[in-house]
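Got a predicted structure plus its sequence, pasted below:
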Amino acid sequence: MAALSDTAPRRAVATLWIEANWIQRTATLLAIFLILAAVLAPLIAPFDPLKQSLISRLRPPIGFDRFKDGFLLGTDELGRDVLSRTLYGLRLTLGLALVGACIGLFIGGTLGLLAGLRRGWAEDVIMGAVDMQIAVPFTLVALLVLSILGSSLPVMICLLGVAYWEQYARIVRGEVRKVTEMPFIEAARASGGGPRYIALRHVLPNIVSPLVVQFTLSLSNIVILESTLSFLGLGVQPPTATLGSMVGYGRDYMPTAPWMVIAPAVAIILLTFSVQILGDWLRDRADVRLQGR
Amino acid sequence: MTLYVLRTLMKMALTMFVIISLVFFATRLSGSPLDTFLGDGLTQEDRDLMIEYFGLNGSIWEQYLRYLRGIVEGNFGLSFLERRPVAEIVAERIWPSFQLLLSALALTITLALPLGILAALYRTSWVGSAIMALAFVGYAVPNFVIATFMVLIFAFSLNWLPVVGNGTWAHFIMPTIAMSGVLIAALTRFTRNAMLDVLGQDFMRTARAKGLPETVVILKHGLRNAGVTVLSVLGLQIAGLAAAGNVVVEAIFSWPGIGELLVNSAITRDYPVLQFGVITVAGAVIVINALTDIAYAYADPRIRLGNA
Amino acid sequence: MPALAIQLETDMKKLLLTTAAILAASGAVAQDITVGAANVSSYLDPGRDHSNVGSQFYYNAFDTLIERDHSKLDPVWEPALATEWAQIDDLTMEFKLREGVKFHNGEDMTADDVVFSLNRMYQATFAPYVVRSKDRLSNFAEAVKIDDYTVQIKVERPEPLWETLVSLQQVMIIPEEYTKALSGDPMVAEDGDFEAFSLAPVGTGPYAITEFTPGEKVVYGRFDGFWGEAAPLEKATVIRIPETASRITALKTGEADIVTNIAPDQLDLINADANLKTEGSATALFHVMIMNVNHPNLTDPKIRQAMSMSIDRDLLNEALWLGKAVVPSTHTMEEMGALHQPDLTTFEYNPEMAKELLASSSYNGEEIVFDAFPVYYTNGVLAAQAIMEMWAEVGINGKLNVTDEWTGNDPEMMSRSWSNPMYFADPFGSFGVMWAPEGPSEGAGRFNTDAEYAEMWERFRFSEDVEARKAAYVELMDRIKQDPPVLPLYRPFESWGMQKSIDWKPQPGHIPYVLDFRAGSISLAEG
């Protein structure tokens, strides 16, 4: 990796772009656009997303009657700017998903590595936990935990973090076993390399690409999970909004003020859509057969 | 083979036991149920009285033993709120959820298999990419978004479809579509990929070389072999849906199902209902998984013969 | 597809029109309605229940000894299961029972049933009854059978609220034999009997509960053996539709004839439909903010006064309730007749004063958490978010915590939303039930009383003279003002949406949320 020159990645990106079809290109542009919007939200949002104005409640977007100056996508039930809230909601949703996916990667990766290298009872326990995670659907677990512990940001992050750890664990363990059975590892072992050395030196490079693919795919799953929980009112606490909670709190106003729901719903769909396509594209390129979910 | 089955059963029992215990401790650690549903205006004396009444007295270990004994004896207790056997309450809710699951499954299979096969056959033409783009959209749209927008359009604005409960076949249309969206997308993708795998393999070439028409080759050989992958994916997806995927859909369509029951009992801290509900769902998922494994083994001659 | 859609729509409309025409021509309207309710009880027993959800359901199926004319705001007492009643000494009231009254299961109602029903509350042993009877019926000693149709009720101390407390939901009459036979020994009233009763309730009212699925559905059928004017509906089905948008949609699709809990924001939407209308009233209930006087950060009363004074309740009313809610100046309601004291000013909006109070208090910008239920109260989370903004204006660092959990007993609780219903038409039935000495608020550890408060309370509760009661209440309110544990925000404007063909509205003499389908309260228009 370190040996690669500076220009190589740029060339690789260029090749990727040329090989991509129109759907993949659209998804890439969309993803860049959404990430920029999320990162720059504090700069580009026209209003403070929490600023209420009780006299300008439920104003429609530009182009409709009763439109109020400046609130391009209308206002919500407390007179807050829907566009600004959507941008900040996107920022938080995306942030939560990234942190969650990283935690999942870390936990799942470590345990998978452990299970693959150690074997014996450690492997039994870890793979037993994996089986259990598969047996009890995670949405259910998350619902129960949130309704019991109450919803808060730390709880939410933990939940999103453990949501898909078992997928990483299975991939890593599988790869580790595959790699450790290869002749050159036997050779390394014979020449006195400990398990940690073997893991770092040989296994890691081999599992990077399946992990990247898995990371992307679970990212969009986490976005949907977070949105679903927030929709049910179990996500972050108001007045802070994520995309899901905006749809959730707005749904009572569907018939009267659909703009409150449409903006965040479209943002969710675009986000998951682009991330899914990118993940799938990466998978095709890495040509890894990821089976399961 | 017997050993294998025994091992599987042991593992199932152990998993169930851990789940049963986890559910118990998770609920007990979360605070008193009284605070939630009797909370309005109780003095300390009243609270002690109610704690006794609901059998929440004694240390947590005493309660745990009572709980385990109850499970062994098949007595899962009375709901705190409704004061009737939890088995009765859960039984009432299982059937509607199951009906919805079945209809979602039927829709998924009817749409996803042909779409997946088409996408594989025409993978280079616009048909293939269009189907796949559609599948991605299906994957990207959360079911609560589909559901809320369908209600707005087809029920509220057009007055075509009913929104409340599970009374007639018309009541099934919107919930089924909302539930199937993700399933269809997933299954279409997996069917396509599995078919692509199979289409490139030797025996397909042989079959074609023998002069069999393309359709026959695909349907007879391709589908059967791809079926293995498709089946395992389907099993996992059903397991997920059976339990929780439909909580949202059930809430929006006032569907008297198990998902909504579980969430409500968690919110009201109706422990007995929650415990039995989770045990039932986890049990169902474990069984579905086991059945999928068996079906998988049966569908794939390599596994079937290897194990026999 | 669009062509098909239009075709379908035309067909549907034709079908609906034809159906309507047939109904109009025959002059017969199906006496059968469906109600979409936001919540349905998980048990039905008028004795143990005092929830806002439960109060919807009892009046159709149960009677009390004395009835109130619910079409009037001021109490007018009418005979019901008792035909006459008279006080025979300071501590005893005698009731002559109506003869020929039948329970829904066919049993005759006699003095035994009345004594059984009353004493299950007055001398409660079943835990849920004990709890309910203590907060409002503690002055009632026992009911005694004199003969088959005569009953005496005895109290501990002279009771100024006789009729009011005999017409409570909690003392509705249920059958003795039926109840006792539900489980275990048929001759003894066991806990199991009362538990079973709450799943198969039987009363004497104009409707029998013919089907009950806890939390899902209540079906009323007309009871032909009813002693009074026959029920106007053949059948009424109440189903649970938790989602607001689904309830409104169900009304539009015709799946429901009446729907409950419509927020003011949705009224225009329903009224814009030519077939639909709304009815509503400022419900006899306050949405309140309670404050924990014993929380270490809030022990200084000035902080709580500031929390209260910084809230512009009129603005909340204008914005969230379109001005239809009622903002009180003190803890009082017009339903309380002679004890209605609107001239008192216990609670007011004064941000300047709030700032001054804060400045002179021990407050140093500590975070003050405000707990709120997510969906239980209409506009609850919205009001809570607006209150956080209003606090911020005067320099209070508020934080909203939306949770389903009832935190009112938690010593960590700082402030939260709640409701204080009028359980019966007297300040005792509203302020009194919650804020009595040794009562639930004090019992929960977030409110303190002393000997002085208790003495005022005694005068307010038991004085025979109305003026003395009023004077004592003024003193109590002053205590609340000086050291506030509660702020009544407003009486919420609760609305019901319904088909235009239905003539129903909430009656002013009821406790909140009662779905009254008795004769004179509902009719279905013809044509």
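Perfect, I can see it now.

Show the pLDDT at the residue in the stretch 1-150 of chain C that chain A sits nearest to.
Nearest residue of the stretch 1-150 of chain C to chain A, counting by CB to the nearest CB: C:Ala38, 11.2 Å away. Just so you know, the C-beta spots here come from the backbone N, C-alpha and C atoms, and that holds for glycine as well. Here the pLDDT value assigned to C:Ala38 is 90.

That one - how many residues pack around it?
Using other CB atoms under 10 Å in any protein chain shown, C:Ala38 has 19 other residues around it.

OK, contacts around it?
Contact analysis of C:Ala38 by CB atoms under 8 Å, 6 or more residues apart in numbering or on different chains lists C:240-242, C:244, C:247, C:260-261.

Show me which of these is closest to chain A.
C:Thr244 (4.2 Å).

Do you know the pLDDT at the closest one?
At C:Thr244, pLDDT is 87.

same thing with C:Asp11?
At C:Asp11, pLDDT is 52.

Check for me that B:Thr92 belongs to a helix.
Check again: residue B:92 is Glu, not Thr. Yes: under DSSP: H, G, I helix; E, B strand; the rest coil, B:Glu92 sits within a helix.

Contact partners for it?
Contact analysis of B:Glu92 by CB under 8 Å, 6+ apart lists B:256, C:213.

what's the distance between it and chain A?
19 Å (CB to the nearest CB, to the nearest Å).

Likewise for C:Tyr376?
Counting by CB to the nearest CB - C:Tyr376 and chain A are separated by 11 Å.

Specify the local secondary structure of that residue.
coil.

Report how many residues lie close to it.
C:Tyr376 sits with 17 neighbouring residues when counted by other CB under 10 Å.

what do you get for B:Leu65?
Using other CB under 10 Å, B:Leu65 has 12 neighbouring residues.

For chain A, what's the nearest residue on chain C?
For chain C, CB to the nearest CB, closest residue to chain A: C:Ala319, 3.7 Å.

Who are the contact partners of that residue?
A:54-55, A:57, A:79, C:386.

ok, which pair from these is furthest apart?
With distances taken as CB to CB, the most widely separated pair in the contacts of C:Ala319 is A:Ile55 and C:Ala386, at 11.9 Å.

Those two: which is more packed in?
Per other CB under 10 Å, whichever of A:Ile55 and C:Ala386 has more neighbours is C:Ala386, with 22 against 11.

returning to that earlier point: please report the distance of the residue of chain C closest to chain A from A:Ala101.
Between C:Ala319 and A:Ala101 the distance is 40 Å, computed by CB to CB, to the nearest Å.

try A:Met132
Look at A:Met132 and A:Ala101: by CB to CB, they are 21 Å apart.

Settle it for me: which of the two has more neighbours?
A:Ala101 (25 against 19).

Can you report how many residues neighbour the residue nearest to C:Asn297 when sequence neighbours are not counted?
Ranked by CB to CB, 6 or more residues apart in numbering or on different chains and with sequence neighbours excluded, the top spatial neighbour of C:Asn297 is C:Glu366, at 5.0 Å. As a burial measure, C:Glu366 scores 14 neighbours (other CB under 10 Å).

Give me the pLDDT for C:Glu366.
If you check C:Glu366, the pLDDT there is 93.

Any chance of the backbone angles for it?
Recorded main-chain torsions at C:Glu366 are phi -60, psi 150, according to degrees, to the nearest 10.

so how far is C:Met309 from it?
To C:Met309, C:Glu366 is 18 Å away according to CB to CB.

picking up where we left off before, in the helix or strand in which the residue of chain C closest to chain A is found, what counts as buried?
According to DSSP states H and E, C:Ala319 maps onto helix C:313-321. Of the residues in helix C:313-321, C:313, C:316-321 count as buried by neighbour count, 16 or more other CB atoms under 10 Å in any protein chain shown.

B:His171 and B:Leu100 touch, don't they?
No: counting by CB atoms under 8 Å, B:His171 stays clear of B:Leu100, with 9.8 Å between them.

Quick check on these two: which one has the bigger neighbour count.
Neighbours were counted for B:His171 and for B:Leu100 using other CB under 10 Å; B:Leu100 has more, 25 against 20.

is it true that the more buried one touches B:Met179?
Yes: if you go by CB under 8 Å, B:Leu100 and B:Met179 touch, sitting 6.5 Å apart.

Please enumerate the shared neighbours of those two.
With CB under 8 Å, 6+ apart, B:Leu100 and B:Met179 have common neighbours B:246, B:249.

residue contacts, the most centrally placed residue in chain A?
Per CA atoms, centre = their mean, the C-alpha nearest to the average position across chain A is that of A:Leu219, at 2.3 Å. By CB under 8 Å, 6+ apart, the contact set of A:Leu219 is A:97-98, A:101, A:275, A:279.

By pLDDT, give me the weakest of the residues you listed.
Among the contacts of A:Leu219, A:Gly279 carries the weakest pLDDT, at 83.

give me the number of residues near the closest residue in space to that residue that isn't next to it in sequence?
In space, and not counting its chain neighbours, A:Gly279 is closest to A:Thr216: 3.4 Å by CB to CB, 6+ apart. A count of nearby residues for A:Thr216, using other CB under 10 Å, gives 20.

right, and A:Thr216 touches A:Leu282 too?
Yes: contact status for A:Thr216 versus A:Leu282: in contact at 6.0 Å, counting by CB under 8 Å.

residues near C:Pro296, how many?
A count of neighbours around C:Pro296, defined by other CB under 10 Å, yields 10.

Hmm, A:Leu232 and B:Val263 touching each other?
Yes: if you go by CB under 8 Å, B:Val263 and A:Leu232 touch, sitting 7.3 Å apart.

Tell me the residues of the stretch 151-293 of chain A that contact chain B?
A:220, A:224, A:227-228, A:231-232, A:244, A:247-248, A:251, A:254-255, A:258, A:261, A:265, A:268-273, A:276-277, A:280, A:291-293 (CB under 8 Å from any CB of the partner chain).

Weed out the non-buried ones from the residues you listed.
Using 16+ other CB under 10 Å, the buried ones in those are A:220, A:224, A:227-228, A:231-232, A:244, A:247-248, A:251, A:254-255, A:258, A:261, A:265, A:268-273, A:276-277, A:280, A:293.

In strands only, show me those residues.
Using DSSP state E, no member of these sits in strands.

Tell me the secondary structure at residue 72.
This is for chain A. Following three-state DSSP, A:Leu72 is assigned to coil.

wrong one, chain C
Reduced to three states by three-state DSSP, C:Lys72 is coil.

Many thanks, have a good one.
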